[in-house]
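Colleague: take a look and give me a structure for this.
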Amino acid sequence: MERKGFIGGSDCVQILQGNWLDLWQIKTGRKEPEDLSNVLAVQLGIHTEDFNLAWFEKHHNCVLSNHQYQIKKQIGNVPVIGTVDAMWDGNIIEAKHTNSFNNMSKALEYYMPQLQLYMHINDADGAYLSVIFGNSDWESVHVKKNQEYFNSMWAVVSDFWGYVLRDEEPIAVDTPSISIDQIPLDEMVARDANHDNMFMDAAVTYINGLEVSKKFENAKKDLKNMVADNEREVYCDYLTIKRDKRGALRITKRN
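Modeller: Take a look at the predicted model:
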């Protein structure tokens, strides 16, 4: 597949992942794109795409349209080509197949640049990421278009494209991490509470309480294990352990 002369959705993912040099070599013609015909994970994703989309239709009780719809645009000085897997009710549908050890949170972080680009160039307000995990699980999540995320992402993409236009090799590029916290996922956002003093105080108290509770349960178990089968009571100045008529052990604090 010809990959020179434009930026695509998967290119945005690679740029945000910091894989600039390899992509730059492809975009400047110094290197041919990798032959993916023998890459199992890639071919599996291609061959399961139709099933993925059919499964999406079944679980959302809908009919998808615009399969493999391609759009070309110019964003600033960057030519863009995006091919969406399908559309439904004005939403982009992007189908992915990943391994069973992955999860939706990681998949959303990884594919967010591609989703936001496709929404931007298609004037869509939302997108669905439909993911098959291995052969045992499937999830779909609705993602809202977010202009702030797109602007931050596109600044990075434009920076990369500048190296392509100047035919200048990118060296030691520090790719920023762009938070997806404020992008609604199934209409819900996330919040970083590290600077919320009340939340942090309650969080520390909770974590400390968990540690105390864990130590308490371990000590309780150890004490009961130290009572022999023929002992009705074991005591010290702090507590007593008594065996009731049913044989159960009860620990009581001594006054």
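Colleague: return the residues in contact with residue 122.
Modeller: 71, 82, 84, 87, 92 (CB atoms under 8 Å, 6 or more residues apart in numbering). All C-beta atoms are positioned from the backbone trio N, CA, C, and that covers glycine.
Colleague: farthest pair in those?
Modeller: The two members of the contacts of residue 122 with the most space between them (CB to CB) are 82 and 87, at 12.1 Å.
Colleague: name the helices or strands packed onto the helix or strand residue 198 falls within?
Modeller: Per DSSP states H and E, residue 198 falls inside helix 197-225. Secondary-structure packing of helix 197-225 (3 or more CB pairs under 8 Å, 6 or more residues apart in numbering; DSSP states H and E): strand 239-243, strand 249-253.
Colleague: with mean pLDDT and distance to residue 170 added, can I get those strands in TSV?
Modeller: Listed next are the helices and strands packed on helix 197-225 as TSV, based on pLDDT from 0 to 100; distance: least, CB to CB, whole Å:
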stretch	mean pLDDT	distance to residue 170
strand 239-243	91	67
strand 249-253	92	66
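Colleague: tell me which of the ones you listed sits nearest to residue 173.
Modeller: The minimum distance between residue 173 and the helices and strands packed on helix 197-225 falls on strand 249-253, with 61.3 Å, by CB to CB.
Colleague: list the helices and strands that closest one packs on?
Modeller: So strand 249-253, by 3+ CB pairs under 8 Å, 6+ apart, packs with helix 197-225, strand 239-243.
Colleague: coming back round to it: report the angle between the helix holding residue 198 and strand 249-253.
Modeller: For helix 197-225 against strand 249-253, the angle by axes from the mean of the first three to the mean of the last three CA atoms, to 10 degrees is 120 degrees.
Colleague: quick check: mean pLDDT of helix 197-225?
Modeller: Mean pLDDT, helix 197-225: 92.
Colleague: and it, how far out from the chain's middle?
Modeller: In terms of CA atoms, centre = their mean, to the nearest Å, the gap separating the centre of helix 197-225 from the centre of its chain is 30 Å.
Colleague: where does the prediction get shaky in the stretch 101-250 of the chain?
Modeller: Applying pLDDT under 70 to the stretch 101-250 of the chain flags no residue at all.
Colleague: how far away is the most centrally placed residue in the chain from residue 96?
Modeller: Central residue of the chain (CA atoms, centre = their mean): residue 106, 2.0 Å from the mean position. Distance from residue 106 to residue 96, counting by CB to CB, to the nearest Å: 11 Å.
Colleague: run through the residues that contact the closest residue to residue 253 other than its chain neighbours.
Modeller: Excluding the flanking residues, the one nearest residue 253 by CB to CB, 6 or more residues apart in numbering is residue 239, at 5.3 Å. Applying CB under 8 Å, 6+ apart to residue 239 gives the contacts 223, 251-254.
Colleague: where does residue 1 land on pLDDT?
Modeller: 58.
Colleague: what about stretch 74-89, average pLDDT?
Modeller: Averaged across stretch 74-89, the pLDDT comes to 96.
Colleague: in it, what counts as buried?
Modeller: If you call a residue buried by 16 or more other CB atoms under 10 Å, then stretch 74-89 has these buried ones: 75, 78, 80-82, 84-88.
Colleague: cheers, nothing more for now.
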